[in-house]
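Asks: Fold the following, please.
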Amino acid sequence: MERTGVHVVRALTVAGSDSGGGAGIQADLKTFAAFGVYGSSVVTAVTAQNTLGVQDVCELSPDIVTAQLASVFADIGADAVKTGMLGNADIVRATAEGLARNGVRHLVVDPVMVAKGGQPLLHETAVRAVREELLPLAEVITPNLPEAEALCGFPLRTFADWQRAAADLAQCGARVVVVKGGHAAGKSVVDLVYDGSRFTTFRTDRIDTHKTHGTGCTFSAGVAAGLARGLTVLDAVATAKAFVTDAIAAAADWDVGAGHGPTDHSVMVHVASGMVSGCNYRRAGSRWILEEASSWERN
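Replies: As a prediction, the model looks like this:
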């Protein structure tokens with residue numbers, strides 16, 4: 001475990017349970033461990049789920065979510081928190097109230113809305129609660145393109161649309177917005193980071209595989225773990241994106257499940273440092289290198 005003096009660095013995930021082990025709190029705790037961070041959890045829902053999809057969901061009561069939060073913070077605490085599947089507006093409010101009550105410094109919000117197989121994981125009535133009650137507390141929000149569209153209410157067809165969405169979400173209170181580009185077409189996967197004044201991009205080669213279950217959970221957990229360890233936001237984002245990319249590649253030939261399989265959380269964490277706002281970065285081997293504006297940015 002990562003230590004600062006005698007302090008063991010710790011992170012908390014507030015999310016749903018994935019019985020298949022590839023996403024949700026299971027992916028988050030595996031990621032925390034890979035980053036050398038002690039992980040605790042607050043369960044918001046239990047899913048019957050495998051690589052083929054979600055067969056059933058049982059959302060927990062807001063009261064037990066509140067009780068779990070109180071229990072963790074009363075004894076263990078957290079250097080950073082990430083939220084994932086919250087399910088409904090009442091759980092969103094309970095989570096926001098509990099986090100605000102405990103003065104969380106580093107909060108990463110992964111606005112989980114739909115499972116890989118297409119099953120909804122957030123009620124439509126909860127989207128407004130996420131925007132109004134959770135985003136003002138967030139240091140970082142990590143929507144994919146469909147989630148950003150749902151939160152902003154307009155389609156994201158061009159890179160300029162991504163920038164507009166990032167600025168819109170920043171207006172809701174999130175200090176840093178990461179619009180993940182994995183759902184866009186192309187040979188590269190570009191993530192856009194907006195810090196309220198500048199745009200930064202991180203680009204990796206796309207890996208041709210269906211072993212991508214839980215990548216959003218893993219990415220946001222990696223960002224939270226990086227922040228818990230004292231990384232800057234940009235360094236945490238770069239580290240988490242590299243980790244997810246390597247985890248996808250390492251599991252490309254796995255035979256775990258017949259559908260969207262899990263990634264390999266046992267890969268090495270390559271900690272990034274010195275990332276500068278306003279730059280474009282491309283992953284080359286285990287390093288991030290600067291690149292000029294490319295065709296994907298001018299679309």
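Asks: And the strands in the stretch 101-250 of the chain, which stretches?
Replies: With DSSP state E, counting those that start in this stretch as the criterion, the stretch 101-250 of the chain has strands at 107-109, 140-141, 176-179, 188-194, 199-205.
Asks: between the fourth one and strand 199-205, how many degrees?
Replies: Using axes from the mean of the first three to the mean of the last three C-alpha atoms, to 10 degrees, the interaxial angle of strand 188-194 with respect to strand 199-205 works out to 160 degrees.
Asks: Any stretches of this structure with poor pLDDT?
Replies: Residue ranges of the chain with pLDDT under 70: 2-5, 115-119, 293-299.
Asks: Could I get the full set of helices for it?
Replies: In the chain, the helices defined using DSSP state H lie at 24-34, 62-75, 89-101, 127-129, 145-152, 159-171, 215-228, 233-250, 295-298.
Asks: Nearest to residue 42, out of the ones you listed?
Replies: Closest approach to residue 42 among the helices of the chain (C-beta to C-beta): helix 62-75, 4.1 Å. Heads up, the C-betas are built off the backbone N, CA and C, glycines and all.
Asks: in the closest one, what counts as buried?
Replies: Buried residues in helix 62-75, counting neighbours by 16 or more other C-beta atoms under 10 Å, are found at 62, 65, 66, 68, 69, 72, 73.
Asks: Output the contacting helices and strands for that helix.
Replies: If contacts are counted by 3 or more C-beta pairs under 8 Å, 6 or more residues apart in numbering; DSSP states H and E, helix 62-75 sits against strand 10-18, strand 38-50, helix 89-101.
Asks: What angle do strand 38-50 and that helix make with each other?
Replies: For helix 62-75 against strand 38-50, the angle by the same axes, to 10 degrees is 150 degrees.
Asks: Would you pull up how far helix 62-75 lies from the middle of the chain?
Replies: Per C-alpha atoms, centre = their mean, to the nearest Å, the displacement of helix 62-75 from the mean C-alpha position of its chain is 22 Å.
Asks: Find the centremost residue of this protein, please.
Replies: Taking C-alpha atoms, centre = their mean, the centroid of the chain lies closest to residue 220, which sits 2.3 Å from it.
Asks: show me what contacts that residue?
Replies: Contacts for residue 220 (C-beta atoms under 8 Å, 6 or more residues apart in numbering) come out as 28, 82, 84, 108, 109, 110, 140, 142, 240.
Asks: ok, now with 10 Å
Replies: Applying C-beta atoms under 10 Å, 6 or more residues apart in numbering to residue 220 gives the contacts 13, 15, 27-28, 31, 82-84, 108-112, 140-143, 178, 180, 240, 244.
Asks: what does residue 137 give?
Replies: Going by C-beta under 10 Å, 6+ apart, residue 137 touches 81, 83, 95-97, 99-100, 104, 107, 109, 173-175.
Asks: try 6 Å this time
Replies: Residue 137 is in contact with 99, 107, counting by C-beta atoms under 6 Å, 6 or more residues apart in numbering.
Asks: could you check the distance from it over to residue 121?
Replies: Distance from residue 137 to residue 121, counting by C-beta to C-beta, to the nearest Å: 20 Å.
Asks: ok, now residue 106?
Replies: Distance of residue 106 to residue 121, computed by C-beta to C-beta: 24 Å.
Asks: and residue 53, bridged to which residues?
Replies: Note on residue 53: beta-bridge partners residue 50, judged by DSSP bridges.
Asks: Nothing else from me, thank you.
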